[in-house]
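Engineer: my questions are about this predicted structure, shown below with the sequence.
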Amino acid sequence: MKRLGLFIALLFLPLACLAAERHVPAEPGALATAIGEAKDGEVLRLAPGVHNGHFAIDRPLTLDGGGEAVLEGTGEGSVVTVNAPDVTIRGLTIRGSGSSHDAIDAGVSLGRKADRAVVENNTITGNLYGVDIHGAKDSRVAGNVIVGRRDHRMNERGNGVYVWNAPGAVVDGNDIRWGRDGIFVNTSKKNKFTNNRFRDLRFAVHYMYANDSEVSGNISIGNDLGYAVMFSKRVKVTDNISIGDDEHGIMLNYANQSHVSGNLIRDGKNRCVFLYNAHKNRVENNRFERCAIGIHFTAGSERNAITGNAFIGNRTQVKYVGSRWLDWSAEERGNYWSDFAGYDINGDGIADAPYRPNDRMDHILWSQPSAKLLLGAPAVQLVRWAQSSFPALLPGGVIDSRPLMRAVDITVPELGDPS
């Protein structure tokens, strides 16, 4: 009898699955009614067309637009608000949020009860914020196109994805454009931001008080700043690309015990990488290329391992003002410098002489910019010749005692049409 009961249950299981699906026409009030009547776990398949209104989800269910349905807000509040676990929102165009930063008006708002929410394969456009993950644990935002509003100045726009106190949140494979920050994370931990593309933003990724997290495999093109890690610990910044970002490709500001590896920063108008009061970080196997400054190192940053990197064609390879010597080699391995005419007699890949990127005149020029008028003076050239010939005259600064003869190579993927 038990086996017979099990057989009957299995026989009717497909029918139960079919019963858990509902088709919703694009008619006034239809979607709100369907949400209110839905059972836990039900799939609401939205008909092609525009579904107007604000939609609050308070039970586990799925909204599936099939790539043809539109959720159209009224210009006030968030378009979709989720306050239940295990909700999935996919295949929709979502637009028309309000304009309140205080309320964080968004295309999709995931509240603190929205654990394990999934927002995937949507076009989220014309909202103040794209997706607000506000306390929802283990949520996932993936494969979306998020386009912000352009009717505000950049600093008055919302973020593409805003993560606040949402441990375990994953933001993967999204294309984010025209907002303030692509991803802004504040007071969170154990988040992963991977394989996203960022354009026309202030910051591509902006960390504030977010520990034990990862930003990997992302592409930042033409933003004010690429990847900013601030007031955070143990962040992995790996295999990202920054092309033509204005201020910094990567910034570590009060960021400690982090790992920055395998990144390509190219054609930055200011600094490829900026370390400000950042300690115990490991910066290795990156390629810093064709920036105004390869690396700017300041404000007492100490006990950082900087090794295996390539500094190529930067107008100033290193900017560091200090009286102490810092040796940028770790485990008998330094960095590659494109302006260093090194030699390697024994063929071990390590140059047989150390490299010093800066001298006393550099320090004078950084602290007294008007001294640039004297760059061509014979006295300046004499000082530089004397310091290169007699290193004991140097005031302290960066030295690479084991410079590399070959640069790390990082392939740039196909970037496509930026328009």
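Structural biologist: That came through fine. Residues are numbered from 1 along each chain as shown.
Engineer: low-confidence stretches in this protein?
Structural biologist: Per-residue confidence for the chain (pLDDT under 70) gives these ranges: 1-19, 299-300, 321-323, 359-396, 416-419.
Engineer: okay, now residue 406: neighbour count?
Structural biologist: 9 (other C-beta atoms under 10 Å). Yep, even glycine has a C-beta here, placed from its N, CA and C like the rest.
Engineer: so it makes contact with residue 337?
Structural biologist: No: at 11.5 Å, residue 406 does not count as touching residue 337 under the criterion of C-beta atoms under 8 Å.
Engineer: next one: stretch 86-93 to chain centre, how far?
Structural biologist: 23 Å (C-alpha atoms, centre = their mean, to the nearest Å).
Engineer: give me the residues contacting that stretch.
Structural biologist: 41, 46, 57, 60-71, 80, 82, 108, 114-125 (C-beta atoms under 8 Å, 6 or more residues apart in numbering).
Engineer: between the two ends of stretch 320-327, how far is it?
Structural biologist: End-to-end span of stretch 320-327 (C-alpha to C-alpha, to the nearest Å): 12 Å.
Engineer: what's the longest strand in this structure?
Structural biologist: strand 61-72 (DSSP state E).
Engineer: which other helices and strands does it contact?
Structural biologist: strand 42-46, strand 49-52, strand 55-57, strand 88-95 (3 or more C-beta pairs under 8 Å, 6 or more residues apart in numbering; DSSP states H and E).
Engineer: would you mind finding the most buried of these?
Structural biologist: strand 88-95 (a mean of 23; mean count of other C-beta atoms under 10 Å).
Engineer: only alpha carbons, please: show that one as CSV.
Structural biologist: Below are the C-alpha coordinates for strand 88-95, written out as CSV (Å, rounded to 0.1, in the frame of the first residue of the first chain):
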residue,chain,number,x,y,z
THR,A,88,13.1,35.2,-8.7
ILE,A,89,12.6,38.0,-11.2
ARG,A,90,13.8,37.3,-14.8
GLY,A,91,13.2,38.2,-18.4
LEU,A,92,11.7,41.6,-17.8
THR,A,93,12.2,45.2,-18.8
ILE,A,94,11.8,47.2,-15.6
ARG,A,95,11.5,51.0,-15.7
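Engineer: still on that earlier bit, and the longest strand of the chain, how far from the chain's centre?
Structural biologist: 28 Å.
Engineer: from the contact counts, what lies against the helix or strand following that strand?
Structural biologist: Heading C-terminal from strand 61-72, the first helix or strand you meet, by DSSP states H and E, is strand 80-82. Contacting strand 80-82 under the criterion 3+ C-beta pairs under 8 Å, 6+ apart are the following elements: strand 55-57, strand 88-95, strand 106-110.
Engineer: what strands flank strand 80-82, and is each parallel or antiparallel?
Structural biologist: Strand 80-82 sits in its sheet next to strand 55-57 (parallel), strand 106-110 (parallel), going by DSSP bridges.
Engineer: of those strands, which is nearest residue 150?
Structural biologist: strand 106-110 (15.4 Å; C-beta to C-beta).
Engineer: can you list contacts of the following helix or strand past that closest one?
Structural biologist: Per DSSP H and E, the first helix or strand lying C-terminal to strand 106-110 is strand 118-120. Contacts to strand 118-120, defined as C-beta under 8 Å, 6+ apart, come from residues 87-90, 108, 110, 131, 139-144.
Engineer: in JSON lines, list those residues along with distance to residue 97.
Structural biologist: Putting those into JSON lines (distance: C-beta to C-beta, whole Å) gives the following:
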{"residue": "87", "distance to residue 97": "18"}
{"residue": "88", "distance to residue 97": "20"}
{"residue": "89", "distance to residue 97": "14"}
{"residue": "90", "distance to residue 97": "19"}
{"residue": "108", "distance to residue 97": "9"}
{"residue": "110", "distance to residue 97": "14"}
{"residue": "131", "distance to residue 97": "11"}
{"residue": "139", "distance to residue 97": "18"}
{"residue": "140", "distance to residue 97": "21"}
{"residue": "141", "distance to residue 97": "16"}
{"residue": "142", "distance to residue 97": "20"}
{"residue": "143", "distance to residue 97": "20"}
{"residue": "144", "distance to residue 97": "15"}
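Engineer: just the closest of those to residue 414, please.
Structural biologist: residue 143 (18.2 Å).
Engineer: what does the longest strand of the chain rub up against?
Structural biologist: Outside strand 61-72, the residues touching it (C-beta under 8 Å, 6+ apart) are 26, 31, 35, 38, 40-53, 55, 57, 79-80, 84, 87-96, 121-122.
Engineer: 7 Å instead, please
Structural biologist: 26, 38, 41-52, 55, 79-80, 87-96 (C-beta atoms under 7 Å, 6 or more residues apart in numbering).
Engineer: that one pairs with which strands?
Structural biologist: strand 42-46 (parallel), strand 49-52 (parallel), strand 88-95 (parallel).
Engineer: tabulate those strands (a markdown table), appending distance to residue 330.
Structural biologist: Converted to a markdown table, the strands paired with strand 61-72 look like this (distance: least, C-beta to C-beta, whole Å):
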| stretch | distance to residue 330 |
| --- | --- |
| strand 42-46 | 53 |
| strand 49-52 | 57 |
| strand 88-95 | 46 |
